[in-house]
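Participant: Sequence unavailable; structure follows:
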């Protein structure tokens, strides 16, 4: 890539990062819950674009679909309760203490940030006999899948995917059991 | 007769398409067309998961979101008649069971848990074609079934759960008029 393309890409990248930070700050500070939810939606959309920048399209597709569903759930949850404004002021002393703690952690973090590699370098690929080299070189002939991500999560590391599917299954069972009795009772009542 | 039907707890599908519940007729017509595209796109993402980015998780979420679109446009009762919760739970369990069965069949046919036995023993296929990579497309289908059914189940149960206190009934109906057809609330069926 030429120097000019690299500069333009990094500029777009920083603008997107600034947009996400501003959306996050507005989401926390605003008192109107609907505006807060819309800012969370903008943040999720920005995260999906970030995943595209970091060359992970699988995660970008999943992120945008889950973020849209999450937005719908949040909007229905807040609108129905007639709860569109939050009132009350935050404590001054609590705010001061949290700012001081964040500043101290930031000072400690600067020492650590100097030792990290550059953003976007593939750490696991720097070792010659890393597992990632095997997946990239022999992924197609071992599994036959052109999408190396699919071959890793469903063939080389399928046991982890089984664990994740079990976690999802159990959590959905728990949520459905907790919310089920009232749902059944409400579905039998006449519509309000 | 419209008042009787509105007071009964069983809502027929013809009434829903006439505008008794749900959103306006423009939203309903457009979402009738768009739901086909959403389901088709979701099936494409699932089936081609081993060739292009995507796979079971993203495709399952997209399939669930098509039903969420129907729920928003037509109301909850329509979707409950279309896909009952009992059937949805069974689809969820079927997806999880299929995924576990693929793992155990790998143990039976190859001696290794989760072995890609179709690719290594029976049907290698050609790379970059749809029929390749052994059990990976089957795993994608199982996971998509599971994730899609689970997400739709949770969203449906959460949206039914929110109407829990009758004290908020008047507030709920006042807010809901912003999102439903105003002519329906006033009893006018000329739309």
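Facilitator: In hand now; what should we look at? The model shown is predicted, which means the values in this text are computed figures rather than measured ones.

Participant: So what does the residue lying farthest from the centre of chain B look like in phi/psi?
Facilitator: Going by Cα atoms, centre = their mean, the residue of chain B most distant from its centre is residue B:111, 36.4 Å out. Main-chain torsions, residue B:111, degrees, to the nearest 10: phi 90, psi 0.

Participant: do residue B:125 as well
Facilitator: According to degrees, to the nearest 10, residue B:125 has phi 70, psi 180.

Participant: Could you list the low-confidence segments of the chain?
Facilitator: Let's take chain A. Scanning chain A for pLDDT under 70 picks out the ranges A:1, A:80-90, A:124-127, A:180-192.

Participant: Wait, chain B was what I had in mind.
Facilitator: Residues of chain B meeting the criterion pLDDT under 70: B:1-21, B:161-191.

Participant: so where do the helices sit in it?
Facilitator: Under the criterion DSSP state H, chain B carries helices at the ranges B:2-7, B:13-18, B:25-47, B:56-74, B:76-82, B:85-110, B:117, B:136-161, B:169-176, B:182-185.

Participant: Same check on chain A?
Facilitator: A:3-29, A:33-53, A:57-80, A:92-113, A:131-143, A:148-151, A:158-188.

Participant: so what's the spatially closest residue to residue A:74 that is not a sequence neighbour up against?
Facilitator: Of all residues beyond its chain neighbours, the one nearest residue A:74 is residue A:37 (4.9 Å), with distances taken as Cβ to Cβ, 6 or more residues apart in numbering or on different chains. All C-beta atoms are positioned from the backbone trio N, CA, C, and that covers glycine. Shown in contact with residue A:37 (Cβ atoms under 8 Å, 6 or more residues apart in numbering or on different chains): A:71, A:74, A:75, A:78.

Participant: Pull up the gap between residue A:37 and residue B:121, please.
Facilitator: For residue A:37, the distance to residue B:121 equals 51 Å [Cβ to Cβ, to the nearest Å].

Participant: And for residue B:157?
Facilitator: Separation of residue B:157 from residue B:121 (Cβ to Cβ): 43 Å.

Participant: more crowded one of the two?
Facilitator: Remark: of residue B:157 and residue B:121, residue B:157 carries more neighbours, 21 against 12, as counted by other Cβ atoms under 10 Å in any protein chain shown.

Participant: In contact with the spatially most central residue of chain B, which residues?
Facilitator: The centroid of chain B falls nearest to residue B:64 when counting by Cα atoms, centre = their mean (3.4 Å). Taking Cβ under 8 Å, 6+ apart, we find residue B:64 in contact with A:69, B:147, B:148, B:149, B:151, B:152, B:155.

Participant: Throw the residues you listed into CSV and include distance to residue A:105 and neighbour count, thanks.
Facilitator: Formatted as CSV, those follow (distance: Cβ to Cβ, whole Å; neighbours: other Cβ atoms under 10 Å in any protein chain shown):
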residue, distance to residue A:105, neighbour count
A:69, 34, 19
B:147, 37, 27
B:148, 41, 27
B:149, 42, 26
B:151, 36, 24
B:152, 41, 26
B:155, 37, 20
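
Participant: Quick check: of these, which lies closest to residue B:46?
Facilitator: Using Cβ to Cβ, residue B:148 is the member of the contacts of residue B:64 that lies nearest residue B:46, at 9.1 Å.

Participant: Surely the closest one touches residue B:58?
Facilitator: No. Using Cβ atoms under 8 Å, residue B:148 makes no contact with residue B:58, being 10.5 Å away.

Participant: how about a markdown table for the helices of chain B, with distance to residue A:110 added?
Facilitator: Converted to a markdown table, the helices of chain B look like this (distance: least, Cβ to Cβ, whole Å):
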| stretch | distance to residue A:110 |
| --- | --- |
| helix B:2-7 | 65 |
| helix B:13-18 | 60 |
| helix B:25-47 | 42 |
| helix B:56-74 | 37 |
| helix B:76-82 | 52 |
| helix B:85-110 | 46 |
| helix B:117 | 53 |
| helix B:136-161 | 41 |
| helix B:169-176 | 48 |
| helix B:182-185 | 58 |
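
Participant: Alright, that wraps it up for me.
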